[in-house]
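Asker: next comes the sequence, and after it the predicted model I'd like to discuss.
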Amino acid sequence: MTTRFDALTIGNAIVDVIAPVDDRFLIDEGMRKSIMHLVDAERSAELFEKMPSVKQMIPGGSAANTAAGVAALGGRAAFVGKVADDELGEVFARDFSDKGINFETPYLTDGTATARSMIFLTNDGERTMNTYLGASQQLSEADIFEETIGSAAITYMEGYLWDPPLAKKAFVKAAHYAHKSERAAAITLSDPFCVNRYREEFLDLIRSKTMDYVFANVEELKSLYETDDFQAAVLQIAEDAEVAAITMGPRGAMAIAHGEIVSVPAFPVESVVDVTGAGDLFASGFLLAMARGQEMSEALRLGCLAASEIISHVGARPIADLKEMARGEGIAV
């Protein structure tokens, strides 16, 4: 089957809705400042109505950010995630259309709203978040299309979406379709709390080769093997995974495949402003380079470069020209 996409990502489709408020608003609404609150549909609708009319709507979600990064690097990206047939669903779909990212998941029409994270910004720069996962949690096997998965060099799935039972089946089906077309399937462990909930299931996905690539940071990897010894965890993942890509913050990143361990340093940044999305964009660079047959060292460098751009500003989407940055560092894209 012809490769249409360098990377196809699967995950939560969320729209960040950001608005300025004063501290009085937080107090009146009973919110703890700087905390992320999970809210239900009723509370979500109530808060959305109470938000100031001046607000930003920015599509997000971990795997969605990775797809956006692949596209920003000049790659061919696709995304699978569930939004509702509502205003925010249109915002999400329109953003991906503008970026040239394939997004053909059918809209949810049963009344469950598009996932949103309502972010209230106070004058001191603090963010107080209220997240409703809504339609994103309704992804199912019916949203996984064999032809689409089979035409992607690598299919990448976010561990955050392992919570809903329907999504688990969708993940396994996507991996099956990828392997049927002799393509790779990948998973990111997402965060240590996610690993703690699903350690044995994640290990089974890796050891059974349902997932060929594993993405993790240092804490997620140590959590996976229940050890404080990072080197011991590296040796374990080397035995279990076909390919593992590990981000190490200011120490750079490493990749492990077939007994070979390759490490690269981080790219220097003037100042670290916001680390949100760093792992997502690292995955963008690594996936694109691997999909195009680059060496692991080059894949690591491209991943670290993309991550360095993200941490230099607020937000999880690149604002600089990633392709130009890569060319400046002599990295092929």
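Answerer: Structure received.
Asker: which parts of the helix or strand of the chain with the lowest mean pLDDT are buried?
Answerer: The weakest-scoring helix or strand in the chain, judged by mean pLDDT, DSSP states H and E, is strand 36-38 (a mean of 83). Burial within strand 36-38, assessed by neighbour count using 16 or more other CB atoms under 10 Å, is assigned to residue 37. For the C-beta atoms, the positions are set from N, CA and C on the backbone; glycine is no exception.
Asker: can you offset everything so residue one is 804?
Answerer: Got it, first residue is 804 now, which makes that one strand 839-841.
Asker: so residue 1058, which of the three states?
Answerer: Following DSSP: H, G, I helix; E, B strand; the rest coil, the label given to residue 1058 is strand.
Asker: again but with residue 921, I slipped
Answerer: With three-state DSSP as the basis, residue 921 sits in strand.
Asker: check contacts around it.
Answerer: Contacts of residue 921 were listed using CB atoms under 8 Å, 6 or more residues apart in numbering, and they are 820, 822, 847, 850-851, 854, 932-935.
Asker: verify the stated contact: residue 888 with residue 913.
Answerer: No: applying CB atoms under 8 Å as the test, residue 888 and residue 913 come out as separate, 9.5 Å apart.
Asker: out of these two, which sits in the busier spot?
Answerer: Remark: of residue 888 and residue 913, residue 888 carries more neighbours, 16 against 8, as counted by other CB atoms under 10 Å.
Asker: out of the contacts of residue 921, grab the one that's most surrounded.
Answerer: Using other CB under 10 Å as the neighbour criterion, residue 935 leads these with 26 neighbours.
Asker: so for it, what's the pLDDT?
Answerer: At residue 935, the model reports a pLDDT of 94.
Asker: kindly report the same for residue 942.
Answerer: 96.
Asker: strands of the stretch 854-1003 of the chain, start to end?
Answerer: Assigned strands in the stretch 854-1003 of the chain, in chain order: 859-863, 880-883, 918-924, 930-935, 955-961, 987-991 (criterion: DSSP state E, counting those that start in this stretch).
Asker: out of the ones you listed, flag the one nearest residue 1065.
Answerer: strand 987-991 (17.3 Å; CB to CB).
Asker: mind listing what that closest one pairs with, with the direction of each?
Answerer: If you go by DSSP bridges, strand 987-991 pairs up with strand 955-961 (parallel), strand 1016-1020 (parallel).
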